[in-house]
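> Make a model of this:
(one chain, ligands or ions: 4)
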Amino acid sequence: MWMRSCFLHRLVASSVKISEAAGGVIKDILCDGDLKIIDKGGSGKTADLQTEADRAAQYCIVKSLHAVFGDKITIIGEEETTSFTPRIEKGFCSKVLSLNDKCPENLRDINPEDVVIWVDPLDGTVEIANAAKKSAAVLAQVTVLIGIAYRGRPIAGVIHQPYYEGRENGRTVWAINGVGTYGMDYVKEDNKEQKIVVTTRSHGTSSVDAALDALNKKGLADTVVRVGGAGYKVMRILEGAAAYVFASQGCKKWDTAACEAVIEGTGGRLTDISGRLLNYEKGVQLNNTGGVLVTACWVDHQDYLNSIPDALKEALPEFQAKN
Ligand SMILES: Nc1ncnc2c1ncn2[C@@H]1O[C@H](COP(=O)(O)O)[C@@H](OP(=O)(O)O)[C@H]1O
Ligand SMILES: [Mg+2]
Ligand SMILES: [Mg+2]
Ligand SMILES: [Mg+2]
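Ligands and ions are numbered 1, 2, ... in the order given. Alright, predicted model coming up:
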């Protein structure tokens, strides 16, 4: 079936399988116990941690993509491929391939040279690195993110959550523009009477708090839930949270690429806190310097944009001089 499928469907079908293999690599290392944590050197105040699981999952994803699609595809990943794992995945998710006929005309024959694959091998690193006890609630915040951008905009994405309610293979949500968001079979819906807003647990700033206060006063953030990982926060939106608000810098393109495709597929939106679309071309700055705002399909993105004070937006520049 993969021979009949277009490049994009083959790439997503492969990315689903590869994200699940990377989830297996992460589980093996977390089970082993020695995370070999290093600090990549953050912006001064906050550490930017990396574990053996981040490195080995990155290796698994990059080597697997190269094994299936050759060395010429462009991959931009958060980590280096310095930790070996023998786990190389060459399979395809049959569900993705079976939907090949739904692929929109304009995405059927895309040139692989115009594609950038954004890889976050382990999102939610701080949560697992710092947790004294790796409880189910902590582990649930870990996701593997593979985002696919074409000519600078996300057209598909995969969010794999290795630990989910004791399920052996966790759960995987994937999306292709115009085809939809799939893998939601295990997604339960929260109560929407309260507008739950999710935000960072470990990268809080006064600007993050000021934005949340302003939204609360406008009735757009009844409850604030602080959890780790961009992927997990988007999963929480799929489960009924109203929005993910991060009025600060530090979140990167590999955090948002897959998230944007998945949320768009459900009718939601992702922009920076000033409403600007994010650019995912090769060579762009890696930081989402203008912050991140993600909203569910059932709330008005513009209401959230309008309610975040201009002073906070102006304090976050769209571009920075140097990455
Ligand atoms: N100030 C900062 N410095 C480094 N990374 C940051 C950051 N703010 C956000 N991030 C990254 O954005 C992702 C989501 O952050 P948060 O959980 O705080 O909402 C995390 O990805 P990783 O776990 O893949 O590194 C985190 O590292
Ligand atoms: Mg991340
Ligand atoms: Mg990461
Ligand atoms: Mg990181």
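
> CA atoms for contacts and neighbours, from now on please.
Fine.

> Looking at stretch 23-38 now, give me its mean pLDDT.
For stretch 23-38, mean pLDDT is 93.

> So which residues make contact with that stretch?
Applying C-alpha atoms under 8 Å, 6 or more residues apart in numbering, the contact partners of stretch 23-38 are 49-54, 56-57, 60, 85, 87, 122, 129, 143-144, 160-162, 169.

> cutoff 7 Å now
Leu49, Gln50, Thr51, Glu52, Ala53, Ala56, Ala57, Val144, Pro162 (C-alpha atoms under 7 Å, 6 or more residues apart in numbering).

> Tell me which residues of it come out buried.
Going by neighbour count (16 or more other C-alpha atoms under 10 Å), the buried part of stretch 23-38 is Gly23, Gly24, Val25, Ile26, Lys27, Ile29, Leu30, Leu35.

> What ranges does the stretch 151-300 of the chain have for its strands?
153-161, 171-176, 180-182, 196-199, 223-226, 243-246, 269-271, 292-295 (DSSP state E, counting those that start in this stretch).

> out of the ones you listed, nearest to Asn100?
The closest of the strands of the stretch 151-300 of the chain to Asn100 is strand 171-176. By C-alpha to C-alpha, the value is 10.3 Å.

> If I take the closest one and strand 153-161, what angle do their directions form?
Counting by axes from the mean of the first three to the mean of the last three C-alpha atoms, to 10 degrees, strand 171-176 lies at 170 degrees to strand 153-161.

> about what we covered before: make a markdown table out of the strands of the stretch 151-300 of the chain and add mean neighbour count, distance to ligand 3 and mean pLDDT.
Output for the strands of the stretch 151-300 of the chain, formatted as a markdown table (neighbours: other C-alpha atoms under 10 Å; distance: least, C-alpha to the ion, whole Å; pLDDT from 0 to 100):
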| stretch | mean neighbour count | distance to ligand 3 | mean pLDDT |
| --- | --- | --- | --- |
| strand 153-161 | 28 | 12 | 98 |
| strand 171-176 | 24 | 17 | 98 |
| strand 180-182 | 19 | 22 | 96 |
| strand 196-199 | 25 | 16 | 97 |
| strand 223-226 | 16 | 18 | 98 |
| strand 243-246 | 28 | 17 | 98 |
| strand 269-271 | 23 | 19 | 98 |
| strand 292-295 | 26 | 16 | 98 |
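
> Just put the ones you listed in TSV and tack on distance to Asn279.
TSV is the format used below for the strands of the stretch 151-300 of the chain (distance: least, C-alpha to C-alpha, whole Å):
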stretch	distance to Asn279
strand 153-161	6
strand 171-176	18
strand 180-182	21
strand 196-199	22
strand 223-226	27
strand 243-246	18
strand 269-271	10
strand 292-295	13
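
> which one of those strands lies closest to Val16?
Comparing the strands of the stretch 151-300 of the chain under C-alpha to C-alpha, the one sitting nearest is strand 153-161, at 6.2 Å.

> Name the strands paired with that closest one and say parallel or antiparallel.
In the sheet, strand 153-161 lines up against strand 143-150 (antiparallel), strand 171-176 (antiparallel) (DSSP bridges).

> Arg201: which of those is closest?
Smallest distance to Arg201 across the strands paired with strand 153-161 (C-alpha to C-alpha): 15.4 Å, for strand 143-150.

> ok, so of the buried residues of stretch 23-38, who is nearest Lys253?
Nearest member of the buried residues of stretch 23-38 to Lys253, counting by C-alpha to C-alpha, is Gly23, at 20.4 Å.

> Look at the closest one and give its secondary structure.
Following DSSP: H, G, I helix; E, B strand; the rest coil, Gly23 is assigned to helix.

> about what we covered before: so for ligand 2, which of the strands of the stretch 151-300 of the chain sits nearest?
Ligand 2 lies closest, by C-alpha to the ion, to one member of those: strand 153-161, at 11.3 Å.

> From the chain's centroid, how far away is that closest one?
7 Å (C-alpha atoms, centre = their mean, to the nearest Å).

> That strand and ligand 1, are they touching?
No - for a cut-off given as C-alpha under 6 Å from any ligand atom, strand 153-161 has no contacts with ligand 1; the smallest distance is 12.4 Å.

> Over to stretch 245-257?
Yes - part of stretch 245-257 sits near ligand 1 under the criterion C-alpha under 6 Å from any ligand atom, namely Gly250, Cys251, Asp255.

> which residues are contacting that stretch?
Residues outside stretch 245-257 that contact it (C-alpha under 7 Å, 6+ apart): 77-78, 118-120, 147-148, 154, 197-200, 207-208, 211, 230, 273, 280, 286-294, 316.
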